[in-house]
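J.: Build the 3D model from these lines:
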Amino acid sequence: MLHTYRYGVPIRTTDADAAAIERTIGIARGRTRVLPGGVTPWLTRRAGDFFENANLWSHPALVAAASTASDDELEAVRAPSEALFLYLPALVRGLRAMLKARNPLGWGMITRADDHPENLAMIIPLLIGAQRKGMGERVQAVTDALQIIPGTKADVRQWASLTDAQFKGVLNGRPKREHAKLKRLRDESRNDTLGIKGPASRRRST
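T.: Numbers count the residues shown, from 1 in each chain. Below is the predicted model of the structure:
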């Protein structure tokens with residue numbers, strides 16, 4: 001990992017090496033976890049692709065992208081950067097609460113990513129590199145999918161302020177199979193472990 005991602009020095013690797021890294025950083029769960037509703041695992045590409053895409057997220061690649069970015073490129077990744085920095089961690093926290101699992105999708109390492117603004121120094125050049133590699137449509141698809149998060153956070157914030165009787169009225173309009181998950185989401189929001197009030201308050205609550 002140091003050779004490939006920190007220094008950007010290619011070395012001979014195998015799929016077994018890549019699989020070991022997936023287990024180490026926790027994303028291997030993304031190959032096996034099936035969510036309620038039949039949502040299939042998100043990590044389906046061969047493990048070796050992890051190394052082959054190092055030219056996007058190695059430290060030298062990030063530095064090169066940041067130092068050569070044009071104003072147009074920076075503007076193009078503004079919305080995707082916001083989505084990855086603010087919305088994706090919120091999604092992970094929400095899934096943890098709803099599914100009552102610590103790392104349901106293998107994204108546990110980004111649960112608190114939005115507590116650290118310096119992460120944007122990695123996200124922005126990473127997205128610029130992805131755009132240059134012709135991955136713009138994939139980036140846009142992820143960005144679009146995450147646009148549901150701001151509205152969902154607003155709903156959860158409102159649920160936290162409701163009495164139990166009022167919240168029961170909210171649940172009555174939802175399928176029964178969702179009730180337990182939504183209750184857990186509401187309970188977590190009251191403690192602000194979902195980050196509804198912002199990173200600073202979440203750090204105090206945890």
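J.: Okay, domains of the protein per the record?
T.: Under the assignment named as automatic domain parsing, the residue ranges that make up the domains of the chain are 2-146, 149-206.
J.: Now tabulate the ones you listed in TSV and tack on mean pLDDT and mean neighbour count.
T.: In short, each C-beta sits where N, CA and C put it, glycine included. Converted to TSV, the domains of the chain look like this (pLDDT from 0 to 100; neighbours: other CB atoms under 10 Å):
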stretch	mean pLDDT	mean neighbour count
domain 2-146	84	16
domain 149-206	79	14
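J.: Tell me who's in contact with the residue in the chain sticking out farthest from the centre.
T.: In the chain, the greatest distance from the average C-alpha position (CA atoms, centre = their mean) is reached by Ala165, at 33.3 Å. Not one residue lies near Ala165 by CB atoms under 8 Å, 6 or more residues apart in numbering.
J.: Against Arg186, how distant is it?
T.: In this view, Ala165 and Arg186 are 13 Å apart by CB to CB, to the nearest Å.
J.: Excluding covalently adjacent residues, which one is nearest to Tyr5?
T.: What sits nearest to Tyr5 in space, not counting adjacent residues and going by CB to CB, 6 or more residues apart in numbering, is Ser58, at 5.1 Å.
J.: Give me the distance between stretch 158-165 and the centre of its chain.
T.: Between the centre of stretch 158-165 and the centre of its chain there are 27 Å (CA atoms, centre = their mean, to the nearest Å).
J.: and the helix or strand where Arg96 lies, what does it pack onto?
T.: Arg96 is part of helix 88-99, with elements assigned from DSSP states H and E. Contact here means 3 or more CB pairs under 8 Å, 6 or more residues apart in numbering; DSSP states H and E; on that basis helix 88-99 packs against helix 148-161, helix 179-191.
J.: Show me the one of those helices that comes nearest Thr68.
T.: Thr68 sits nearest to helix 148-161 of all those, at 31.0 Å, using CB to CB.
J.: residues contacting the spatially most central residue of the chain?
T.: With the centre of the chain defined as its mean C-alpha position, the nearest residue by CA atoms, centre = their mean is Leu88, 3.5 Å away. Under the criterion of CB under 8 Å, 6+ apart, the contact list for Leu88 reads Trp107, Ile110, Ala113, Leu146.
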